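**Student:** Pasting the sequence and the predicted coordinates here, then a few questions.
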Amino acid sequence: MTYAVDTRAVHAGRADLAELGVHALPLDFSTTYPMHDQVAAGAALGAFADGAATAATPVYQRLYNPTTARFEQALAELEGTEAAVSFASGMAAITAVLQAACLMTDRRHVVAVRPLYGGTDHLLSIGLLGLAVTWVDQDEVAGAIRPDTGLVVVETPGNPTLGLVDITTVCIQAGDVPVLVDNTFATPVLQNPAKLGASYVVHSGTKYLGGHGDVLGGVVACAEQRAGALRQVRILTGAVLHPLAGYLLHRGLATLPLRVRAAQATAATLAVRLSVHRGISKVHYPGLPGSDPRGLVGRQMRGPGAMIAFETSGDAAAVVAALRLITPAVSLGSVDSLIEHPALLTHRLVDAEGKQTGGITPNLLRMSVGLEDPDDLWADLDQALTAAARATVSVTAPVAVPAGPATVPTSPAAVPAESAAEVMSVGGVFGADRSGAQAAMLAAPVIAVPEPEANAFGAVSATSAQAVNGSAPVPA
């Protein structure tokens, strides 16, 4: 029987618990294991060295740990792959795929589509692994493939501007070359790249999978045929996931669908309100009209997600400094909302060309929406944007300005979600550069989700959803 994602998230990776006679996940901290039969132990070590998933004895924690293995089984089940291999961090996971797909095959050319997470971009750009990289748009992948191309790298939604990549199209263009998809932003709840042709599905488990900002880890979901090489890399480099991290990541999966849907519903509401705020010049969110020209939300993704990026009219750093509730910090996917300045932090080391190609502007902020009340988050954003606007006015026009609300025109940011549709009807611009293309927005395609999946995304109020779509409810 095929279970829904909610059921699989709770039960995946726990098949042996009944046999063990326990209900909660066991946590095995052992670094080494007694081996009275040294011949059998040597055979087990040899099997692990060849990339085997299991052997007669664990031998040593760097080779195998039952706690992390359960997490790998669970993640593979959620992604719909045969196997998953965990690592000490998301970057360790990315590095292992590059080593397995390129260095171990002596195909040292990579085709990559921007934007990517800043660490991934930097790793590919600096030549640390001895790889040659060709940066292309998602429609140019086929033309960039060479005989020595070992991997195509994409991230969708892209970090930090949330641009969507058509995974199926990229995989068709790549042909026999494996495709890596960083699925950190979408999570298995909203997107399953392996079912669309991707060979490697990577997660920074530090983010949504753990979900509480207290665990570091990475994981790659793939076919068993590819998992063996990844395990060999992990053994040789020692980039293993600690058992406690494996336990926390596995525990986090149980609530992953609930957390993603709840945060997504809030993100959809905030995106609408931000898009009509005078302190904002542009909002990046896949659920807004005009933000998904390929129609991937509802076809490739089961919802627009819980990440928002927006460009401020004034100093972005000043906006962050004025926040009182939202935590100014890197990372994402936690139960609390986080905000950061990509050009200064997560993407600081991306070169100028990469920033331009990836749309990483000086006033761009990336926000990971958490589980707080939407109105509380909105109040914090509104006051910070208004405070930054006042500061900008006082700096650019150092003349006496009357005190009180008249200093800055009253922001339509205060428009509640319930009246967002009305704002749109009188010419508000959602997700565009305030160019006034109201007709184009109103004609934007409605996000359509097949009926069996309709309840998989949580709920937003009908009025705010209509405002996002321009007509019919968007999946929360």
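**Tutor:** Perfect, thanks for sending it.
**Student:** My reading is that residue 150 lies in a strand. Confirm?
**Tutor:** Yes - Residue 150: assigned to a strand according to DSSP: H, G, I helix; E, B strand; the rest coil.
**Student:** Count residues in the vicinity of it, would you?
**Tutor:** Counted with other C-beta atoms under 10 Å, the neighbours of residue 150 add up to 22. Any C-beta I mention is one placed from the backbone N, CA and C, and that applies to glycine too.
**Student:** Residue 361 versus that one, what's the distance?
**Tutor:** 32 Å (C-beta to C-beta, to the nearest Å).
**Student:** got it, and residue 1?
**Tutor:** Residue 1 sits 49 Å away from residue 361, going by C-beta to C-beta.
**Student:** Those two: which is more packed in?
**Tutor:** residue 361 (17 against 3).
**Student:** Next, count neighbours for the nearest residue to the more buried one once chain neighbours are set aside.
**Tutor:** Nearest residue to residue 361, sequence neighbours excluded (C-beta to C-beta, 6 or more residues apart in numbering): residue 311, at 5.8 Å. Counted with other C-beta under 10 Å, residues neighbouring residue 311 total 18.
**Student:** Show me what the helix or strand hosting residue 311 packs onto, helices and strands only.
**Tutor:** Using DSSP states H and E, residue 311 sits in strand 307-312. Counting contacts by 3 or more C-beta pairs under 8 Å, 6 or more residues apart in numbering; DSSP states H and E, strand 307-312 is packed against helix 256-274, strand 280-284, strand 364-368.
**Student:** Surely residue 313 and residue 281 touch.
**Tutor:** Yes - using C-beta atoms under 8 Å, residue 313 is in contact with residue 281, at 5.0 Å.
**Student:** got any residues that touch both of those two?
**Tutor:** Taking C-beta atoms under 8 Å, 6 or more residues apart in numbering as the contact rule, residue 313 and residue 281 both touch residue 363.
**Student:** Geometrically speaking, which residue is the centre of this structure?
**Tutor:** For the chain, the residue nearest the mean C-alpha position is residue 185 (1.4 Å; C-alpha atoms, centre = their mean).
**Student:** Who are the contact partners of it?
**Tutor:** Taking C-beta under 8 Å, 6+ apart, we find residue 185 in contact with 155-159, 162, 207, 305, 307, 332.
**Student:** ok, so of these, who is nearest residue 193?
**Tutor:** residue 156 (8.0 Å; C-beta to C-beta).
**Student:** So the closest one versus residue 179, what's the distance?
**Tutor:** Distance, residue 156 to residue 179, using C-beta to C-beta: 11 Å.
**Student:** likewise residue 366?
**Tutor:** Applying C-beta to C-beta to residue 366 and residue 179 gives a distance of 25 Å.
**Student:** same thing with residue 14?
**Tutor:** From residue 14 over to residue 179 the distance is 31 Å, taken as C-beta to C-beta.
**Student:** Please apply the same query to residue 233.
**Tutor:** In this view, residue 233 and residue 179 are 19 Å apart by C-beta to C-beta.
**Student:** Of those two, which one has the most company?
**Tutor:** Comparing residue 233 with residue 179 by other C-beta under 10 Å, the one with more neighbours is residue 179, at 26 against 22.
**Student:** My read is that that one contacts residue 173, right?
**Tutor:** No - Residue 179 is beyond contact range of residue 173, at 9.1 Å (criterion: C-beta under 8 Å).
**Student:** residue ranges for the strands of the stretch 1-150 of the chain, please.
**Tutor:** 83-87, 109-113, 132-136, 149-155 (DSSP state E, counting those that start in this stretch).
**Student:** and the closest residue to residue 195 other than its chain neighbours, how many neighbours does it have?
**Tutor:** The shortest distance from residue 195 to any non-neighbouring residue, by C-beta to C-beta, 6+ apart, is to residue 80 (5.4 Å). By the measure other C-beta under 10 Å, the count of residues near residue 80 is 14.
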